[in-house]
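> I need the structure of the sequence given here:
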Amino acid sequence: MRKGLHAGRAVYAVAPVAVALAHVGPAATWLPELRRRRFPGLAGQGRPDHVALTFDDGPDPVSTPHFLDALDALGVRATFFLLGENVVHHPAVARELARRGHELAVHGWTHDRPWRPAPARDVRRLLRAAHAVGEAAGQVPRWYRPPYGILTSGRWAAARRAGLRPVLWTTWGKDWRQDATPASVRASVAAKLRGGGTVLLHDTDHAGAPDSWRATLAALPDIVGDCRRAGLTVGPLGEHGMAGADARERVR
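Alright, predicted model coming up:
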């Protein structure tokens, strides 16, 4: 009897650990080398003559318009991963992104860390965010990048439920940091810039150091120039040669 009691207690002790591991295990895809070697689609690998330019955390009524003007001057279109709460608060900025020819994608509802399993909440919030982004874009969004690049099992399931394809990145500018400068952002991107890659930048300091977006904005012409000097075209994920890029429908 006592032996059985101890065994039962052991099972109850192990169960929460197993649940937690199942929840956070897929987040290992955040590791760049693992992602590049084992999950190239998730890393954002596209056709070898193209670089996908992506921005996270917007829209922001202060900073995002500066990026719109800069991208217009460069003749570049990009993919913007938007937070649902920001779209609801700043719908005109989100619509302007679409009007200027940029691709709108989903970054979640808020910029949170999903350490505790909450699958129903994950589905509810992601569907809500996808609807808000779709309304602004005038079409169903295709891509999903979770905040911090953390893909838990709940977020994977929510993405499937919402019909979204998760895409992370192959190189980033580390432009959210307090010590970011135009030179550091450019150098960080260039360190792993390759044909077929996906670049992660931010058009806002929503989840970064105050005014960190200014370093990104200043670095943008040089980043695009580096790509073009390497013989690479720059554009959104929808032009990146990834399967499923055209599987979008008009919002009814």
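> can I assume residue 105 is in contact with residue 140?
No. If you go by CB atoms under 8 Å, residue 105 and residue 140 don't touch, sitting 10.9 Å apart. To be clear about C-beta, it is placed using only N, CA and C from the backbone, and glycine gets the same treatment.
> Show me which of the two is the more surrounded one.
Using other CB atoms under 10 Å, the more surrounded residue of residue 105 and residue 140 is residue 105, with 26 against 18.
> what residue ranges in the stretch 101-250 of the chain score low on pLDDT?
114-117, 243-250 (pLDDT under 70).
> What segments of it are helices?
119-137, 153-162, 182-191, 213-229 (DSSP state H, counting those that start in this stretch).
> what sits up against the third one?
In other words, helix 182-191. The contact list for helix 182-191 (CB atoms under 8 Å, 6 or more residues apart in numbering) reads 171-175, 199, 201, 215-216, 218-219, 222-223, 226.
> What of the last one?
Contacts made with helix 213-229 from outside it, assessed by CB under 8 Å, 6+ apart, are listed as 51, 53, 60, 63, 66-67, 70-71, 74, 76, 173, 175, 180-186, 189-190, 193, 199, 201-205, 233-234.
> Among the residues you listed, which ones are in strands?
51, 53, 199, 201-202, 233-234 (DSSP state E).
> From those, list just the buried residues.
51, 53, 199, 201-202, 234 (16 or more other CB atoms under 10 Å).
> Could you pull up the residues touching the residue nearest to the spatial centre of the chain?
Nearest residue to the geometric centre of the chain (CA atoms, centre = their mean): residue 145, 3.1 Å. Counting by CB under 8 Å, 6+ apart, residue 145 touches 54, 56, 81, 105-107, 166-169.
> 10 Å - rerun?
For residue 145, the contact set (CB atoms under 10 Å, 6 or more residues apart in numbering) comprises 44, 54, 56, 79, 81, 105-108, 151, 159, 164-169, 198, 200, 237.
> next one: residue 72
100-101.
> okay, it: pLDDT?
In the prediction, the pLDDT value recorded for residue 72 is 98.
> just the one 3 residues further on next, same as before
The pLDDT attached to residue 75 in the predicted structure is 98.
> what do you get for the one 4 residues further on?
Among the per-residue scores, residue 79 holds a pLDDT of 98.
> what's the answer for residue 93, then?
At residue 93, the model reports a pLDDT of 98.
> Name whatever forms a beta bridge with residue 55.
residue 80, residue 201 (DSSP bridges).
> contacting residues around it?
Counted by CB under 10 Å, 6+ apart, residue 55 has contacts 64, 67, 71, 78-82, 97, 102, 105, 107, 175, 199-204, 213, 216, 220.
> Kindly report the same for residue 100.
Here residue 100 is in contact with 68-69, 71-72, 77 (CB under 10 Å, 6+ apart).
> Check residue 129 too.
82-88, 106-110, 141, 144, 158, 162, 164.
> Could you do residue 124 as well?
109, 118, 158, 161.
> now it: how far from residue 161?
10 Å (CB to CB, to the nearest Å).
> can you check residue 42 too?
18 Å.
> who has more neighbours, the two?
residue 42 (18 against 15).
> Quick check: that one touching residue 167?
Yes. Contact criterion CB atoms under 10 Å: residue 42 and residue 167 qualify, at 6.7 Å.
> which one is residue 215 nearest to, not counting chain neighbours?
Spatial nearest neighbour of residue 215, chain neighbours left out: residue 180 (4.4 Å); criterion: CB to CB, 6 or more residues apart in numbering.
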